[in-house]
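>>> Need coordinates for the following:
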Amino acid sequence: MARHALGPATLAVVQALEGAWRDPERDPDGSWLVGCSGGPDSLALALGAYEACRRAGALSRLGAVVVDHDLQQGSAAVAATARDRLLAIGYPSEAVRVVRVVVDPEQARELGIEAAARNARYAAFEQVAAEAPVETEVLLGHTRDDQAETVLLGIVRGSGMRSLAGIAPRRGPYVRPLLDLARADLRACCAENDLAWWEDPANADERYARVRVRHRVLPVLAESFGGDGAVSAALARTAALARVDADFLDALAEAAEEDAVVPATERAGDELDCTELAFLPEALRTRVVRRWLVGHGSREPGAVHVAAVCALVTHWHGQKGVDVPGLRVVREEGHLRATGAPRDGDRGPA
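Numbering: from 1, shown residues only. Model (predicted):
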C-alpha cells in the first residue's frame, strides 16, 4: 500500500495504536498479533498497528491471524480476502495466519452461537500467540460503540458492577486500543485508505440481542439525548468509572479469598470457611464465592446462583445444598464444599 499523508480518521487510529505500543504494561520486547475478520474495525486496527510498528521500527514483531469459523457459506473466501487485505497493507505473507476453527456444538447450545464462536476464536488467538518466541499481545478492534452496547446489555440483564464496567481495554493477553474511537471513525479510516471491507451479515440479524441494541435502542437514545455519539460516549465513560470500582473490589476479594479458602485435602478440593465469609461485606463475599465456584468449574454462575450459595453462610438452617451450573455446593462442618455436578440440572437452592 502506497504511503501518503494520513487522513484525520487514520491519524486517530494510528495515534491510538502508538499509545498502546508505548503502554508501560506492554512487554517492551514483546510482539503484537492482530485479530482480523476483514470487517472495517479489524482492518482499521490492522492498518493502525502496521503504521505504529513501522514508525517504531518494529515490523518484525507484528503479525495477524484471520479466524474462519466455518459458520456461513463462503467463509473460507471471506478469510482469504481478509488475508489479501492484510498483505495489501504491507504485512508479509509469513506474518499472516488463517486458522479454521470448529465451534463446539455443546457450547453453542448452552451459551449461544455468539459465545461459542467467540470461545473458539479466542482459543485460536491464544494458540497462535503461544507459538511466538516472545510475549505476544492479541489486539482486538472493539470500539466505543461496542462498549456502549455492552453496558446497555449488562443493564437490561440486571448484571452487576463487573458487567457494567463493560469491555476491559486490557485483560490477559488481549488489548483493545480503539475503545475511545467510534465505529464510524474506523470506517472512515478504511475509506481514507481505499480498504474495502466485509460486512458480516450477523451484524444485521436482529435475533441477536446486541444487534437489536445497536439498531433499535441506541438510535432512540441518541435521538432523545443527543446525537453524534454523545450517548455512546457517555455509556463508555460510565463503563470506565465502573471499572475502577470493580477492579478495586476484585482486588479486595482476591485478598479476602486467601483467608476464606481452606486448602485442599486428599478427600476434597479446597473449601470455603463459612465463618470467614460471614464477616465479609456482601460486595466481597459474593465475589469470593463466585471466584471459588468458577475455580471449581462452574459454568457462568449467575447472581441467583451466587446468592443461593451465600445463603448457606448468611441464612443457614440446615439446607441440603445448592445446585449451580456444573456443580453442587453443600455446607458441612462449617465449610462450603463443591461435590460435583448437580443431581437434576441447575435447580438453584435445594
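>>> hey, where'd the strands end up in the protein?
Secondary structure of the chain (DSSP state E): strands located at 31-35, 62-68, 96-100, 136-139, 170-171, 174-175, 261-262, 271-273, 322-324, 327-332, 335-338, 348-349.
>>> Of the ones you listed, which is nearest residue 200?
Smallest distance to residue 200 across these (Cβ to Cβ): 12.4 Å, for strand 62-68. The C-beta positions use only the backbone N, C-alpha and C, and glycine is treated the same way.
>>> Taking strand 96-100 as reference, get the angle to the closest one.
Strand 62-68 and strand 96-100 are oriented at 20 degrees to each other (axes from the mean of the first three to the mean of the last three Cα atoms, to 10 degrees).
>>> Can you tell me the strand partners of strand 62-68 and which way each runs?
Using DSSP bridges, strand 62-68 pairs in its sheet with strand 31-35 (parallel), strand 96-100 (parallel).
>>> May I see these organised as TSV, with mean neighbour count, mean pLDDT and distance to residue 90 added?
Below are these laid out as TSV (neighbours: other Cβ atoms under 10 Å; pLDDT from 0 to 100; distance: least, Cβ to Cβ, whole Å):
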stretch	mean neighbour count	mean pLDDT	distance to residue 90
strand 31-35	24	98	12
strand 96-100	17	96	11
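>>> closest to residue 67 out of the ones you listed?
Distance to residue 67, taken as Cβ to Cβ, is lowest for strand 96-100 among the strands paired with strand 62-68, at 5.4 Å.
>>> Contacts for the closest one, please.
Under the criterion Cβ atoms under 8 Å, 6 or more residues apart in numbering, residues 63-68, 70, 76, 79-80, 82-83, 86-87, 124, 127-128 lie in contact with strand 96-100.
>>> Which pLDDT does the model give the residue lying closest to residue 340 once chain neighbours are set aside?
Nearest non-adjacent residue to residue 340, counting by Cβ to Cβ, 6 or more residues apart in numbering: residue 328, 6.1 Å away. Note for residue 328: predicted pLDDT of 94.
>>> Over to the one 5 residues further on?
Per-residue pLDDT puts residue 333 at 91.
>>> do the same with the one 10 residues further on
Predicted confidence (pLDDT) at residue 343: the value is 50.
>>> before we move on, what about the one 3 residues further on?
Reading off the confidence values, residue 346 has pLDDT 42.
>>> Over to the one 4 residues further on?
Residue 350 is assigned 42 on the pLDDT scale.
>>> Now, of the contacts of strand 96-100, which are buried?
Burial by neighbour count, 16 or more other Cβ atoms under 10 Å: within the contacts of strand 96-100 this picks out 63-68, 79, 82-83, 86, 124, 128.
>>> got a markdown table for the residues you listed, with pLDDT and distance to residue 301 too?
Converted to a markdown table, the buried ones among the contacts of strand 96-100 look like this (pLDDT from 0 to 100; distance: Cβ to Cβ, whole Å):
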| residue | pLDDT | distance to residue 301 |
| --- | --- | --- |
| 63 | 97 | 36 |
| 64 | 98 | 35 |
| 65 | 97 | 31 |
| 66 | 97 | 34 |
| 67 | 94 | 28 |
| 68 | 93 | 32 |
| 79 | 96 | 35 |
| 82 | 96 | 36 |
| 83 | 97 | 39 |
| 86 | 98 | 39 |
| 124 | 95 | 26 |
| 128 | 96 | 30 |
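>>> Show me which of these is closest to residue 304.
Of all the buried ones among the contacts of strand 96-100, residue 124 has the smallest distance to residue 304: 32.8 Å, by Cβ to Cβ.
>>> Against residue 324, how distant is the closest one?
From residue 124 across to residue 324, the span is 29 Å (Cβ to Cβ, to the nearest Å).
>>> Break this protein down into its structural domains.
Per automatic domain parsing, the structural domains of the chain span 8-144+165-207, 263-349.
>>> looking at the sheet around the residue nearest to residue 316 when sequence neighbours are not counted, what are its partners?
Distances taken as Cβ to Cβ, 6+ apart put residue 331 closest to residue 316, at 6.4 Å, once the chain neighbours are dropped. Note on residue 331: beta-bridge partners residue 336, judged by DSSP bridges.
>>> measure the closest residue to residue 115 other than its chain neighbours to residue 119 for me?
Spatially, and ignoring its direct neighbours in sequence, residue 115 is nearest to residue 107 (6.9 Å; Cβ to Cβ, 6+ apart). According to Cβ to Cβ, residue 107 and residue 119 sit 6 Å apart.
>>> tell me which of the buried ones among the contacts of strand 96-100 is nearest to residue 93?
Nearest to residue 93 among these, with distances taken as Cβ to Cβ, is residue 83, at 8.3 Å.
>>> show me what contacts that closest one?
For residue 83, the contacting residues are 66, 96, 98, by Cβ under 8 Å, 6+ apart.
>>> Closest one of these to residue 270?
Among the contacts of residue 83, and counting by Cβ to Cβ, the member closest to residue 270 is residue 66, at 40.7 Å.
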